[in-house]
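Peer 1: Here is a sequence with its predicted model. Questions after.
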Amino acid sequence: MISASQAAAKASVAGGEPDNGSNTNGQGGAGSQQVDSKTKGQKTFADGTASSEASKAKSGTTTKGTEGDASPSASTSSGTVSVAGAVAVNIEHGSSIAYVGDTRQVTASGGALSVKSSANVDGTALADGSATIGEKEFDAATAVDQGQNTINLGAGSGLSNGAQVTYFQGNGGTAIGGLTDDANYYVYDTGGGKFRLYKVQTDAQAGNGNYVQFTSQGTGSMQALRGAGAGGDGVGVAVAVNYAQQTNLAYVGAATINAQGLDIEATQADRTLTFDPNTKVDTIKNTIDVGQSGLRTGDAVVYHQSGASAIAGLTDGTKYYVNVQDDGTLKLYDTQDHAVAGGTIGLEILSSVAGTGAADTLVDATDSFGAWATSGAGGGNVGVAGSLAINIAFTDTEADAGYSDDHRRRRRHPEV
């Protein structure tokens, strides 16, 4: 018996800045980025639908819509509220039982009797709720002054000297020389919204000469400093619950067995993921696409070739550890720690698929249970984040020649 299931929920809010002109008083105006506006939009849709259906109503009846009711405002004294919430619940019940029941008579002519049960059960729950307020995007080509080591965010950045920001090079971009993608820095305004970045907050507050020297301008129009931009309040909440119950039993009850031997096994089942290296291996990204694998980062797999040659960089019959990419493809690593860390250390370089067959495999021979919750609220005036991950797993694997009844008063055993 092989079973794999996953529940995933993701919610995110980006924005919440009241300085875009849509909410000037911070008290629940009509800004498109507010919770209030979403509520009003739904009510408007309901009213419009009700009105359009009025002509179809039965004579003497009416369609009502929302009838002008008022909803509570999602705002605080500080401004609007951005809220993101995600809940993922996964329940996995896997049962594999092989048995010879009571009073049975079994004859195996000329050989042994085998009673085998095997199971491989994976169950995961993932929840990602993030509310991110205040992020200024910029084009490296026009905003970065390599000579002055500044980034021009313009007016309205909302940043004060010494404020912390997180730098992102953006999709398809390359990092500004001297900066590291997804790293924190501290800012100093040199004037006109042109900022220098520091690694130490006190240096940024002083505006001294210890700022980061830009060795290249970087590329990309989606570079960003998160934490810049005026914002309201952000709340990010994520809850993930995984409940897994696995039963894997092999037993013989009070039966009569006529055989030259008796083999009772409860084992781990292998789950085979088959792929064609010629179409499913990306030698540039070093990834393998096996479809919906059900694997989690850090899981172990064994690679087997199907043709005269293995994928260059891999060895037939060798155990590797996977790092699951955002698109579901897999990168293989030499150790579990390296797989969990990601990056280039321990990464298996898939340099060629020449001479491979059309049905290479990755074999998963482990059970995997887990719950992961991620939440974040950053930037703006107030950020609140909460995460809860609960994983409950029950496993029962038994291979018995005989068993006790429910009240443990009488032992039942086979006659062999």
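Peer 2: Sure thing, it's come through.

Peer 1: What segments of the stretch 151-300 of the chain are helices?
Peer 2: 201-206, 277-280 (DSSP state H, counting those that start in this stretch).

Peer 1: export the ones you listed to JSON lines and tack on mean pLDDT, mean neighbour count and distance to Asp396?
Peer 2: For glycine as for every other residue, the C-beta is placed from the backbone atoms N, C-alpha and C. Below are these laid out as JSON lines (pLDDT from 0 to 100; neighbours: other C-beta atoms under 10 Å; distance: least, C-beta to C-beta, whole Å):
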{"stretch": "helix 201-206", "mean pLDDT": "94", "mean neighbour count": "16", "distance to Asp396": "54"}
{"stretch": "helix 277-280", "mean pLDDT": "95", "mean neighbour count": "16", "distance to Asp396": "36"}
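
Peer 1: Figure out which of the ones you listed is closest to Val106.
Peer 2: For the helices of the stretch 151-300 of the chain, the distance to Val106 is smallest for helix 277-280, at 45.2 Å, taking C-beta to C-beta.

Peer 1: Tell me the bridge partners for the closest residue to Thr215 other than its chain neighbours.
Peer 2: In space, and not counting its chain neighbours, Thr215 is closest to Gly177: 3.2 Å by C-beta to C-beta, 6 or more residues apart in numbering. Taking DSSP bridges, one finds Ser216 as the beta-bridge partners of Gly177.

Peer 1: what about Gly177, neighbour count?
Peer 2: 14 (other C-beta atoms under 10 Å).

Peer 1: isn't it right next to Gln169, touching?
Peer 2: No: the criterion here is C-beta atoms under 8 Å, and Gly177 misses it with Gln169 at 11.1 Å.

Peer 1: shared neighbours, those two?
Peer 2: Gly218 (C-beta atoms under 8 Å, 6 or more residues apart in numbering).

Peer 1: what stretches of this protein score poorly on pLDDT?
Peer 2: Where the chain drops to pLDDT under 70, the residues are 1-94, 118-134, 228-244, 246, 266-269, 365-395, 397, 399-400, 402-416.

Peer 1: what residues go with each domain of this protein?
Peer 2: Here the domain parsing of the chain from automatic domain parsing is 1-24+85-127+233-269+371-416, 25-82, 135-229, 271-364.

Peer 1: now the strands for the stretch 101-250 of the chain?
Peer 2: Using DSSP state E, counting those that start in this stretch, the strands of the stretch 101-250 of the chain run over residues 105-107, 112-132, 135-138, 144-145, 150-152, 164-168, 183-189, 194-198, 223-226, 233-252.

Peer 1: Contact partners for Gly170?
Peer 2: 137, 220-224.
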